[in-house]
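Asker: Take a look and give me a structure for this.
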Amino acid sequence: MNKKPVAQSMHQHNALGNQAVYGLLSHHYAAIVVNCFTLDTNY
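Answerer: A predicted model of the protein is given here:
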């Protein structure tokens, strides 16, 4: 009976962590795309 809330809180924590990682990755991906685009336009 005590395991269920702990598992639920761990799942919430993992979801928040994944959301933060996804935010960072998407931010870096956007920066990389912009850098590649500016390099292409410079040439």
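
Asker: quick one: His28 from Phe37, how far?
Answerer: For His28, the distance to Phe37 (C-beta to C-beta, to the nearest Å) stands at 15 Å. Every C-beta, even on glycine, is put in place using the N, C-alpha and C of the backbone.

Asker: Give me the distance between the host helix or strand of Ala31 and the centre of its chain.
Answerer: Take DSSP states H and E as the rule and Ala31 turns out to sit in helix 3-42. Averaging C-alpha positions (C-alpha atoms, centre = their mean, to the nearest Å) puts helix 3-42 1 Å from its chain's average.

Asker: pLDDT below threshold where in this protein?
Answerer: 1-7, 10, 42-43 (pLDDT under 70).

Asker: How many neighbouring residues does Ala20 have?
Answerer: Using other C-beta atoms under 10 Å, Ala20 has 10 other residues around it.

Asker: State the distance from it to Gln12.
Answerer: From Ala20 across to Gln12, the span is 13 Å (C-beta to C-beta).

Asker: list residues touching both of the two?
Answerer: Shared contacts of Ala20 and Gln12 (C-beta atoms under 8 Å, 6 or more residues apart in numbering): none.

Asker: Right, I'll call it a day here.
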